[in-house]
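Asker: Predicted model, plus sequence, below.
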Amino acid sequence: MDHAADALRTDLMTLTRHVLNEQSKHPEARGDLTILLNHIVLGCKFVCSAVNKAGLAHLIGLAGETNVQGEEQKKLDVLSNQVFVKALTSSGRTNVLVSEEDEEAIFVPEKLRGRYCVVFDPLDGSSNIDCGVSIGTIFGIYMLEAGKAGTVDDLLKAGTSMVAAGYCMYGSSCTLVLSTGEDVNGFTLDPSLGEFILTHPHIRIPEKGKIYSVNEGNAKNWDEPTTKFVEKAKFPEDGSSPRSLRYIGSMVADVHRTLLYGGIFMYPADKKSPNGKLRVLYEVFPMSFLVEKAGGQAFTGKQRALELVPKKIHERSPIFLGSYDDVEEVKELYKQYGA
Ligand SMILES: O=P(O)(O)OC[C@H]1O[C@](O)(COP(=O)(O)O)[C@@H](O)[C@@H]1O
Ligand SMILES: [Mg+2]
Ligand SMILES: [Mg+2]
């Protein structure tokens, strides 16, 4: 038997094939989610190619506009948003869209309308664009009843109602991490083939980590549980080695490392930002979904992150996510010291 050829047949899995395999587990499925995911993947490939060329093509610069968060938009933010709105709308499978870059929700015209709602951050970590550090796209998917014209209320629901979530990281390689509700799998883009290949099957986050990830520049404004956690990470009381600090400042990259190596990523509340910085719908929920599916936990300082019910589409929340034991420690500290 030709073992090499056999290994190739069984081990080489493209993202397209993987999504079709997932679909086949649901005999009633009509392939709508598969088509939608294909369009998201197309958007990711497009943005990846733009990110790779950005420095060369003088694409980077100010677009002369500000987004709904009051931040200056880079051209790449604008371009990524346009790419995803087009990719999602033209899939013919979406209904209501919420993007970080658009103040209002987008309602897909009736002739293109499908049953999925998508929330997304088209370009996450935008302060890192100019220095070539990893950035990404984050998305979460909800399903409506068939034939229904969605409203914003269909998205103001607990994160537990998402049916799929993922992110694509534009870094030293382009990596897409996806969960359609069971396990979490990572795919790396082979740029010459133009295919995402399964490189990280069944991602499981280590139960306990040795890394903590937080913007320590905000430390003077933190609440007591966050301060205590970081103090213990640096000066362990049990004589163990201190944990390492890693903070990239792109949520996608910081969460990706946390998923693979373990540890905790946090963007806590502080005196200046009592709701933290990260947005519930298209940052906190999709990442919490992936971390939970990989065996970790996600906590807001008050509750399980996915049980939060947002009141506004651009709402923010504090977040602590990562290895099960590390998040458990944070939960204990909130019990002990309160917020
Ligand atoms: O610079 P800070 O305050 O540490 O914030 C970093 C966080 O802000 C973000 O860049 C916000 O995302 P956007 O770039 O999509 O606005 C996250 O990716 C990151 O975790
Ligand atoms: Mg973001
Ligand atoms: Mg963004």
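Answerer: Happy to help now that I have it. Ligands and ions are numbered 1, 2, ... in the order given.
Asker: Surely F320 forms part of a helix?
Answerer: No: according to DSSP: H, G, I helix; E, B strand; the rest coil, F320 belongs to no helix; its state is strand.
Asker: Quick one: the helices in the stretch 1-150 of the chain, in order.
Answerer: Using DSSP state H, counting those that start in this stretch, the helices found in the stretch 1-150 of the chain span residues 3-11, 15-24, 32-53, 75-90.
Asker: Restrict the third one to CA atoms and write it as CSV.
Answerer: So the one you mean is helix 32-53. Provided in CSV are the C-alpha atoms of helix 32-53 (Å, rounded to 0.1, in the frame of the first residue of the first chain):
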residue,chain,number,x,y,z
ASP,A,32,-27.2,27.7,3.5
LEU,A,33,-24.6,28.0,6.3
THR,A,34,-22.0,26.3,4.0
ILE,A,35,-22.6,29.0,1.4
LEU,A,36,-22.5,31.8,4.0
LEU,A,37,-19.2,30.5,5.4
ASN,A,38,-17.7,30.3,1.9
HIS,A,39,-18.5,34.0,1.4
ILE,A,40,-16.9,34.8,4.8
VAL,A,41,-13.8,32.9,3.7
LEU,A,42,-13.8,34.8,0.4
GLY,A,43,-13.9,38.1,2.4
CYS,A,44,-11.0,36.9,4.6
LYS,A,45,-8.9,36.0,1.6
PHE,A,46,-9.6,39.4,0.0
VAL,A,47,-8.7,41.3,3.2
CYS,A,48,-5.6,39.1,3.7
SER,A,49,-4.4,40.0,0.3
ALA,A,50,-5.0,43.7,0.9
VAL,A,51,-3.2,43.5,4.3
ASN,A,52,-0.2,41.9,2.6
LYS,A,53,0.0,44.6,0.0
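Asker: That helix and ligand 3 in contact?
Answerer: No: on the criterion CB under 5 Å from the ion, helix 32-53 is out of touch with ligand 3, staying 11.5 Å away. For every residue, glycine as well, the C-beta is placed using N, CA and C.
Asker: So that helix, near ligand 1 or not?
Answerer: No: against ligand 1, helix 32-53 shows no contacts by CB under 6 Å from any ligand atom, the least distance being 12.9 Å.
Asker: now that helix against helix 15-24, angle please.
Answerer: On the basis of axes from the mean of the first three to the mean of the last three CA atoms, to 10 degrees, helix 32-53 is oriented at 160 degrees to helix 15-24.
Asker: Next to ligand 1, which bits of the stretch 1-150 of the chain? Give me the list.
Answerer: Counting by CB under 6 Å from any ligand atom, the stretch 1-150 of the chain sits next to ligand 1 at 100, 121, 124-127.
Asker: Just the ones in strands from these, please.
Answerer: Within these, residues falling in strands by DSSP state E are 121, 124.
Asker: can you redo the residues of the stretch 1-150 of the chain next to ligand 1 as a markdown table with neighbour count and distance to L156?
Answerer: Listed next are these as a markdown table, based on neighbours: other CB atoms under 10 Å; distance: CB to CB, whole Å:
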| residue | neighbour count | distance to L156 |
| --- | --- | --- |
| E100 | 25 | 16 |
| D121 | 29 | 17 |
| D124 | 29 | 22 |
| G125 | 22 | 26 |
| S126 | 21 | 25 |
| S127 | 12 | 28 |
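Asker: Now pLDDT too, for the residues of the stretch 1-150 of the chain next to ligand 1, in JSON lines please.
Answerer: Converted to JSON lines, those look like this (pLDDT from 0 to 100):
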{"residue": "E100", "pLDDT": "97"}
{"residue": "D121", "pLDDT": "98"}
{"residue": "D124", "pLDDT": "97"}
{"residue": "G125", "pLDDT": "95"}
{"residue": "S126", "pLDDT": "87"}
{"residue": "S127", "pLDDT": "87"}
